[in-house]
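Undergrad: could you work out the structure for the sequence below:
(one chain, ligands or ions: 2)
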Amino acid sequence: MRTDSSPQTIFRKDYTPPAFLVDTVELGFDLHPERTIVANRITLRQNPASKRRDIVLHGEDIELVQLRMNGQLLGKDDYLLDHATLTIKKAPAQVVLEIETLCAPVQNTTLSGLYVSNGNFFTQCEAEGFRRITFFPDRPDVMAKYTVMLRADKASYPVLLSNGNLIEQGDLDDGRHYAKWEDPFKKPSYLFALVAARLVCQEETFTLADGRDVLLQVWVEEGNLDKTDYAMQSLKNSIRWDEERFNLELDLDRFMIVAVGDFNMGAMENKGLNIFNTKFVLANPRTATDIDYAGIEAVVGHEYFHNWTGNRVTCRDWFQLSLKEGLTVFRDQEFSADMIGTDTGRAVTRIDQVRTLRQAQFPEDAGPMSHPVRPDSFVEINNFYTVTVYEKGAEVVRMYQTLLGRDGFRKGMDLYFKRHDGQAVECDDFRAAMADANGRDLGQFERWYSQAGTPVVTARTRYDAVKRNFDIILSQRCAPSAGQQDKLPFHIPVAVGLLGASGQDLPLTLEGGKHAKGATTIVLELTEQEQIFRFRNVDERPTPSILRDFSAPVVLEYDYTDDELLHLFSHDSDPVNRWEAGQRLAMERLLKLTAQVAAAGGSDANLKLDPTFINAQRAVLTDETLDAAFRELALILPSETIIAEQMDVVDPQAIHTARQFMRRTIGAALKEELIAQYHANQTPGDYSPDALSAGKRALKNLCLSYLMVAPDMAELKLAQQQFEKAGNMTDRSAALVAMIHSGAATGPYLQNFYEDFEGEALVVDKWFAMQAAAPTTNVAAVRQLMAHPAFTLKNPNRARSLIFNFTNANPSQFHAADGSAYDFWAEHVIKLDAINPQVAARLARAMDRWRRYAPALQAKMKQALEKVAARAKLSNDVLEVISKALAN
Ligand code: B3K
Ligand code: ZN
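TA: Ligands and ions are numbered 1, 2, ... in the order given. Okay, the predicted model is just below:
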């Protein structure tokens, strides 16, 4: 909470090295929910790289009991203490500080620092939570060795965990016990963790590539041990994968994952002691969907991979966050793709990544919170754990691999670790390692880190039948963003292929290019504002397939004809561009239909969908040579949010009506084929989350959802039967969602689902989420759901399941003409802010794109934003988001 100081903007250019370095940290915890005593003994020494002599320690919401310097008790005149820092002026060169503080974990609803969840103790220190535990130079470039002594009541907290290795444990008086942990590696404070809890674990000994045996544990509450297999399997797969792909080994004797129900984000990579949101650990076929399983694999991988990219080599300052996050997301994406192992499987994961970028990152890049992958300033760093830093950051890392090749990328990684193991470094250091290891100049590539906004690449082509030349003229531009009026050209890899009339890939000869003979995809490097690329020996006018595999995070403009798009949609050997052609065909039509609905005052009475499009959809749906997972993606229409991003003035109701019309029309026209595919893609037998089975379920359930747009009795029955007979959560929840979205009476089914899963918090979250996102659920219905006894604002998963799914995934209701949902939003940003500023600030961002709506909606949105802004007591988190939204 903002108390006696107004928010300060912190700038990357103001970085200075720490005045003092910390060598060792000895922490002692006497854990008690109301009153925990923390004893902290740190050895510090002057940093030769700094001229300053003051020791500056951060501290927040903790009470200082006692402070000693080199054995001497310090009095109030010996240091300066304010709400955020403790400063000792002109300290000696070598210092031992002994600091005793008090905190009240059970009162800590922010879930940052030390807190209590369901009676157990957990910590979350990234980015700046360690200062809520003890006074410390809480910045990532201060790396130290930690020893941790935990003491707590043995009956209530039988399990005591911290980073590294357990070196001692035993009983104390009064029913208490202790455990002492030592982390052999130097680490920044944000990677500290402790757990004191009543938990049980699944454990296993695992042999590393070098023959060493390590202990792997997954800790959960009793009663959840039947849901830990997949997390454990994913952990073992992650360890193996990092050994094989990057030659990186687990460096500890023990690696633990602990699940907690109250958690602000997905998971946290604390050294040797990863703490996870239960959502990304717990799964069995009865409670978890295919998407949940995929999420567990990705997040377990992600946190494990951080052990090298983030922990061994960490960030110099928080502006460098993407150094570890972009790289680690890229690594987890590659891991998930390799786990599927097929080319189409890999493409399907790539398509998912493109959808996320368009759904969330492109809008962020074009909105008030727009920032470069390496931001230049922030008020609250927690607001910068964004899709830009993570997902666009991963795209930037992927482009190195596209430009340098897989081997070149690996060389760059090897050099990066060779140079920087044990250090806190910058994004520039990573780029330098990539460049130096490959003898390449990547100077211009730096602009991907420093310039915000999504570049637009425009392509034109010309064919010379006499000379047999095909030219692709590429140009680039990027709209201005906050503080960046003029953008310089980016270094953009544009992968290109050319299709002949019968759909085959033409062998490519690029003028001036050095490519393997017979290559059918070539990466063009666009570095100037405009460039011409000439292909020789082209016998016929080809159809260009541009930006294959989505080789750069850009918007591609090319004036494709419908015929060309249909040609690509049926033949492109690059599955990502094949999918993309279908999206373009759909988007063109969706935008036209939306305009027609708007012009007709909201009516869909006279809309038409051309048979060409329907036939193309039919062809893909019934093409048994294609993976089910790919067919499903090819048939999903662009989301309402993505459609909205293409419009100058957004009309959410018209978009919804047009998209629903299109779905209903496809559903009716392809009814027979949809039913046939529904039956052909059943997955009888034991549930398995593998990609092939998951793909079948996805296609089958998409068929069901199309059939359920305007269902007849037989279709309704199909959904009801699936709901009743389903042997897994994927099918069960898909049937229920289809019923809810169809507007059919679902009361008893919802009730039945709730009763079956009342005791499974993650499934109750789904129950709230599916209702919140249904276009039939208005704000009044959401308010009613909030009165349900299972609802609470205090648990982030629960708050997100209902409130965020309504504000972010139900646009036609959130933007109801009377503005009532905006009032609801303002009310809950304010309520949540008093509990948990990080969660509140995420909700605050639902209004980011308010300026793009019709004037009447805009005015109401502005009012809601101003209502929040007018509150006297806002966290810096929310204040930053709201003031940026309102700023001109
Ligand atoms: N590094 C953490 C995120 C911490 C978020 C702090 N607000 C999880 C991850 O990216 O792996
Ligand atoms: Zn991460």
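
Undergrad: with only the CA atoms kept, save the helix or strand hosting Ala432 in CSV.
TA: Per DSSP states H and E, Ala432 falls inside helix 427-438. What follows is helix 427-438, C-alpha atoms only, in CSV (Å, rounded to 0.1, in the frame of the first residue of the first chain):
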residue,chain,number,x,y,z
CYS,A,427,20.0,-8.9,-22.2
ASP,A,428,22.9,-7.4,-24.2
ASP,A,429,25.3,-10.1,-22.8
PHE,A,430,23.0,-12.8,-24.2
ARG,A,431,23.0,-11.1,-27.6
ALA,A,432,26.8,-10.7,-27.5
ALA,A,433,27.2,-14.4,-26.8
MET,A,434,25.0,-15.3,-29.7
ALA,A,435,26.9,-12.9,-32.0
ASP,A,436,30.4,-13.9,-30.9
ALA,A,437,29.8,-17.6,-30.9
ASN,A,438,28.6,-17.3,-34.5
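
Undergrad: other SSEs contacting the helix or strand following it?
TA: Moving toward the C-terminus from helix 427-438, the next helix or strand (DSSP H and E) is helix 447-450. Under the contact definition 3 or more CB pairs under 8 Å, 6 or more residues apart in numbering; DSSP states H and E, helix 447-450 sits against helix 393-420, helix 427-438. C-beta: built from backbone N, CA, C; applies to glycine.

Undergrad: what's the first helix or strand after helix 447-450?
TA: Counting by DSSP H and E, what follows helix 447-450 is strand 456-464.

Undergrad: quick one: buried residues of that next one?
TA: By neighbour count with 16 or more other CB atoms under 10 Å, strand 456-464 contains the buried residues Val457, Ala459, Thr461.

Undergrad: what packs against that strand?
TA: By 3+ CB pairs under 8 Å, 6+ apart, strand 456-464 packs against strand 469-477, strand 543-546, strand 555-557.

Undergrad: what's the neighbour count on the residue of the stretch 101-250 of the chain found nearest ligand 2?
TA: Relative to ligand 2, the nearest point of the stretch 101-250 of the chain is Glu126 (8.9 Å; CB to the ion). Number of residues near Glu126 (other CB atoms under 10 Å) recorded here: 25.

Undergrad: domains of this protein?
TA: Structural domains assigned to the chain are 1-198, 314-450, 456-559, following automatic domain parsing.

Undergrad: pick the most deeply packed of those.
TA: Here the criterion is mean neighbour count by mean count of other CB atoms under 10 Å, and of those the winner is domain 314-450, at a mean of 20.

Undergrad: over to Gly518: give its phi and psi.
TA: Backbone torsions of Gly518, given as degrees, to the nearest 10, read phi 90, psi 0.

Undergrad: so it sits right up against Pro507, yeah?
TA: Yes - contact criterion CB atoms under 8 Å: Gly518 and Pro507 qualify, at 4.8 Å.

Undergrad: enumerate the residues of the stretch 101-250 of the chain near ligand 1.
TA: Glu126, Ala127 (CB under 6 Å from any ligand atom).

Undergrad: for the stretch 101-250 of the chain, what spans make up the strands?
TA: 113-117, 120-124, 143-153, 159-162, 165-171, 176-188, 194-197, 200-207, 213-220 (DSSP state E, counting those that start in this stretch).

Undergrad: mind putting those strands in CSV, distance to ligand 2 included?
TA: Shown next, in CSV, are the strands of the stretch 101-250 of the chain (distance: least, CB to the ion, whole Å):
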stretch, distance to ligand 2
strand 113-117, 19
strand 120-124, 13
strand 143-153, 18
strand 159-162, 21
strand 165-171, 24
strand 176-188, 14
strand 194-197, 19
strand 200-207, 23
strand 213-220, 19
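
Undergrad: give me the pLDDT for the residue lying farthest from the centre of the chain.
TA: In the chain, the residue that sits farthest from the middle, by CA atoms, centre = their mean, is Val466; the gap is 50.6 Å. pLDDT for Val466: 98.

Undergrad: show me which residues of the chain are close to ligand 1?
TA: For the chain, the contact set with ligand 1 under CB under 6 Å from any ligand atom comprises Glu126, Ala127, Met265, Ala267, Met268, Glu269, His302, Glu303, His306, Glu325, Asn382, Tyr385.

Undergrad: so which of those residues are in strands?
TA: Of the residues of the chain next to ligand 1, the ones assigned to strands by DSSP state E are Ala267, Met268.

Undergrad: just to revisit the earlier point, Ser875 is nearest to which of the strands of the stretch 101-250 of the chain?
TA: For these, proximity to Ser875 was assessed by CB to CB; strand 113-117 is nearest, at 14.4 Å.

Undergrad: for that closest one, C-alpha coordinates in PDB please.
TA: C-alpha atoms of strand 113-117 as PDB (Å, rounded to 0.1, in the frame of the first residue of the first chain):
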ATOM      1  CA  GLY A 113       6.800 -12.500   1.300                       C
ATOM      2  CA  LEU A 114       6.000 -15.000   4.000                       C
ATOM      3  CA  TYR A 115       2.300 -16.000   4.100                       C
ATOM      4  CA  VAL A 116      -0.100 -18.700   5.300                       C
ATOM      5  CA  SER A 117      -2.200 -20.700   3.000                       C
END
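
Undergrad: on that earlier part again, any chance of CSV for the helices and strands packed on helix 447-450, columns distance to Thr344 and mean pLDDT?
TA: Below are these laid out as CSV (distance: least, CB to CB, whole Å; pLDDT from 0 to 100):
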stretch, distance to Thr344, mean pLDDT
helix 393-420, 19, 99
helix 427-438, 29, 99
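
Undergrad: let's have those in CSV, adding distance to Pro375.
TA: Converted to CSV, the helices and strands packed on helix 447-450 look like this (distance: least, CB to CB, whole Å):
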stretch, distance to Pro375
helix 393-420, 11
helix 427-438, 11
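
Undergrad: so which of those helices is nearest Pro855?
TA: Of all the helices and strands packed on helix 447-450, helix 393-420 comes closest under CB to CB, at 35.1 Å.
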